[in-house]
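[1] Sharing a model that was predicted from the sequence below.
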Amino acid sequence: MGSFLHARRLFCLTSFSILLALLVACGTRGETAVSATATSLPATFTPLPSPTPPLQPTTAVSQAATPEPSEAAAGVAVEEAILISQPGPGSRIVNGPLQVMGVADPTFEQNLVIRLLLADGTELAVTPTTIQAELGNRGPFAVEIPFTVTDEQQAFVQVYATSARDGGITHLASVGLTLADSGEEQIVLVEPHAERIQISQPALGDTISGGTVTVAGEALASFEQTLVVELLDEAGEVLSSQPIIVAAPDLGQPGLFSIELSYEVAGSMSGRVVVHDPSPAFGGDVHLASVEVTLAP
């Protein structure tokens, strides 16, 4: 599996501009910049695909509608667990601070982490924040991240939650944007939308036994329709990991996935099923969703 991911990441980096241009064509229709004067994004900008169109301010020009999700998605859709409403994909931000806003499902002690990365994976900033709601409730979050760049660069904002048990990431969302040292800002806003990776099997709290687990659901994958599915033990160690291709009708559209993973454990323990959407840029994840389960021999 390690050689598979290493080869894939080498391929991804060498074909970065072509692949992300395809993602823009498929996934960012309907985005509208909010600025005093319309400014075109630089030709090299390649934001992450956006599953839904942004909010339409009263001053915005009407854009083509984003394709409707499949009937299967419509039947089981739940709102994005960590929704980054600002900045949206395609935003252009001039030297800090960067304001990150959104809404999230409850997490351990309502904690979140926000990270700003360049497209090569260089970490510019990381800061904790909390969901502004009572424990156990979904609520808003907002934080300002100072940054400075000396030229125009592509970057990612990631917002994620971690496990109280093993410290691993349990859910992660991200957007692609441009950081600049001068010029006009463009702030894209994003509407609420369906969870990008929905795991329908196993369900939260299920007990898995017999040495195999079927992982199924629906997802929007950002690169070659590929996801990586993992099964982790109670310490967060990987018991099994496999790539899978989402059965989507076209790039930039959600599709179904299903895979069977084998595992071995000596006794009953907590575990986690994790579905990753790997980034074609920096080797990390564009999106991640997970389900806590109990593992048995």
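    Thanks, I have it.
[2] Low-confidence regions, the stretch 51-200 of the chain specifically.
    Low-confidence segments of the stretch 51-200 of the chain (pLDDT under 70): 51-77.
[3] Run through the helices of the stretch 51-200 of the chain in chain order.
    Along the stretch 51-200 of the chain, the stretches classed as helices by DSSP state H, counting those that start in this stretch are 71-76.
[4] how is this structure carved up into domains?
    In the assignment given by automatic domain parsing, the structural domains of the chain cover 2-180, 197-295.
[5] now, of the ones you listed, which is deepest in the fold?
    domain 197-295 (a mean of 18; mean count of other Cβ atoms under 10 Å). C-beta coordinates here come from the backbone N, C-alpha and C atoms, glycine included.
[6] picking that back up, turn the domains of the chain into CSV, including distance to residue 186.
    Shown next, in CSV, are the domains of the chain (distance: least, Cβ to Cβ, whole Å):
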stretch, distance to residue 186
domain 2-180, 4
domain 197-295, 21
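[7] Out of those, which is closest to residue 191?
    Shortest distance between residue 191 and the domains of the chain, using Cβ to Cβ, is found for domain 2-180: 5.3 Å.
[8] Among the domains of the chain, which comes closest to residue 187?
    Closest approach to residue 187 among the domains of the chain (Cβ to Cβ): domain 2-180, 4.9 Å.
[9] right, and residue 121 touches residue 283 too?
    Yes - taking Cβ atoms under 8 Å as the contact criterion, residue 121 and residue 283 are neighbours in contact, 6.3 Å apart.
[10] Who are the contact partners of residue 102?
    Shown in contact with residue 102 (Cβ atoms under 8 Å, 6 or more residues apart in numbering): 82, 83, 84, 85, 86, 140, 141, 142, 159, 173.
[11] Ok, residue 120 next?
    By Cβ under 8 Å, 6+ apart, the residues touching residue 120 are 281, 282.
[12] Distance check, it against residue 176.
    For residue 120, the distance to residue 176 (Cβ to Cβ, to the nearest Å) stands at 13 Å.
[13] next one: residue 236
    For residue 236, the distance to residue 176 under the criterion Cβ to Cβ works out to 28 Å.
[14] same question, residue 268
    Between residue 268 and residue 176 the computed distance is 41 Å (Cβ to Cβ).
[15] Check residue 290 too.
    Note on residue 290: its distance to residue 176, by Cβ to Cβ, is 22 Å.
[16] Work out the gap between stretch 104-120 and the centre of the chain.
    The chain centre lies 11 Å from the centre of stretch 104-120; the measure is Cα atoms, centre = their mean, to the nearest Å.
[17] now what about stretch 105-114, what contacts it?
    With Cβ under 8 Å, 6+ apart as the contact definition, stretch 105-114 has outside contacts at 81-82, 100, 104, 126-131, 133, 135-139, 141, 143, 145, 157-164, 170-171.
[18] For that stretch, measure first residue to last.
    Stretch 105-114 has an end-to-end distance of 15 Å (Cα to Cα, to the nearest Å).
[19] Hmm, residue 204 is touching residue 292, no?
    Yes - contact between residue 204 and residue 292 holds when scored by Cβ under 8 Å: they sit 6.2 Å apart.
[20] Fine by me, we can end here.
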